[in-house]
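Undergrad: heads up, no residue letters with this:
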């Protein structure tokens, strides 16, 4: 599939960018960043950014979209108001995931093959430093007060706790085997990680860095989501989702979903979680309060990543194997559009409801 060129970008300029807060940003291993307007079920822009794009994040102020460009060992920064590339900076080896400080000043990019995190200054558009962490760092998270960075380090079987002001790892917290995701409670007092090889979820008290709870979940826990004081953990090999009470990791329910569930996507109000099932090409809808499956939606091939739009009306599902996103009406649970975004979808991000 060829990417859209100057004509499409010119169209964006003529239309104006008044609705940029409603746009959804998608990355693909094909090297494309695609911007879509889910309400219009249309592609706004598509840009060729580099080789093998990985995860990405929008800054909390909505100004930039920051992308890990794995094969280029780089970080790309895009302007969200008029979609364009504004900087591409060298980072460590095989960058994979991105987290951003609440004030939108710094981005942290995990470098899978160099056991480090690159610090990117989003005002000066430069790399401001590199922090050593555990081996094979995966998903990072920044606490709401901007003081701490936590990184799940798969190769170290640990979580690195980093003092952001000092730019150094202050603690390496041993957990189970192969931690991957990193989830924070809204108040920043608890961090959670899933361990894919030991089938566990751990809760860590902050800022002490002390493990306060542990739970056994299904086989090969994949990713985590927060939903109204509960945690939803998808289990890739047992084809189910575990719902835990966040306060003590008590298992409240284990629900069968589709085959090989990957990402759990919470609705803005936390009442529902949409589980993307890579092996059955569908989405399971879970009512988190009632602990029940309430629907299933057929989407594209190998759904991998997704998000809910800023207004909560649309679920956008990235389908890795056919290079599309499915736009799903969250009320009717019907697919209303299928849009081309490039093969190997890796990130699907929307501005949060509280963003500017």
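TA: Looks like it arrived, so ask away. From a predicted model like this one, the values you see are computed outputs, not experimental measurements.
Undergrad: mind listing what residue 283 touches?
TA: Contact analysis of residue 283 by C-beta atoms under 8 Å, 6 or more residues apart in numbering lists 258, 274-277, 296-297, 299, 303, 306, 315, 317, 328. Just so you know, the C-beta spots here come from the backbone N, C-alpha and C atoms, and that holds for glycine as well.
Undergrad: any weak-confidence spans in the chain?
TA: Low-confidence segments of the chain (pLDDT under 70): 1-18, 354-356.
Undergrad: ok so, going back, pick the one among the contacts of residue 283 closest to residue 339.
TA: Nearest to residue 339 out of the contacts of residue 283 is residue 317 (C-beta to C-beta; 10.8 Å).
Undergrad: and that closest one, how many residues sit next to it?
TA: Neighbour count for residue 317, taken as other C-beta atoms under 10 Å: 28.
Undergrad: residue 51 now?
TA: 14.
Undergrad: residue 179 now?
TA: Residue 179 has 32 nearby residues by other C-beta under 10 Å.
Undergrad: does it touch residue 152 like I think?
TA: Yes. In this structure, residue 179 is within contact of residue 152 by C-beta atoms under 8 Å, at 4.1 Å.
Undergrad: now do the shared contacts for the two.
TA: Shared contacts of residue 179 and residue 152, counting by C-beta under 8 Å, 6+ apart, come down to 138, 159, 193.
Undergrad: ok, the second one touching residue 149?
TA: This points to residue 159. No. Using C-beta under 8 Å, residue 159 makes no contact with residue 149, being 10.5 Å away.
Undergrad: next secondary structure after the strand or helix carrying residue 46?
TA: Assigned by DSSP states H and E, residue 46 falls within strand 42-48. Going down the chain from strand 42-48, the next helix or strand is strand 53-58, by DSSP H and E.
Undergrad: who does that next one pair up with?
TA: strand 64-69 (antiparallel) (DSSP bridges).
Undergrad: what secondary structure does the closest residue to residue 187 other than its chain neighbours sit in?
TA: Distance criterion C-beta to C-beta, 6 or more residues apart in numbering; nearest residue to residue 187, sequence neighbours excluded, is residue 144 at 7.1 Å. Counting by DSSP: H, G, I helix; E, B strand; the rest coil, the backbone at residue 144 sits in coil.
Undergrad: neighbours of residue 144, how many?
TA: 13.
Undergrad: which ones among the contacts of residue 283 map onto strands?
TA: 274, 275, 276, 277, 296, 297, 303, 306, 315, 317, 328 (DSSP state E).
Undergrad: of those, buried ones?
TA: 274, 275, 276, 277, 297, 303, 306, 315, 317, 328 (16 or more other C-beta atoms under 10 Å).
Undergrad: go through those residues and name the one nearest residue 66.
TA: Distances from residue 66 to those, taken as C-beta to C-beta, are shortest for residue 306 (18.9 Å).
Undergrad: look up how far residue 132 lies from that closest one.
TA: According to C-beta to C-beta, to the nearest Å, residue 306 stands 33 Å off from residue 132.
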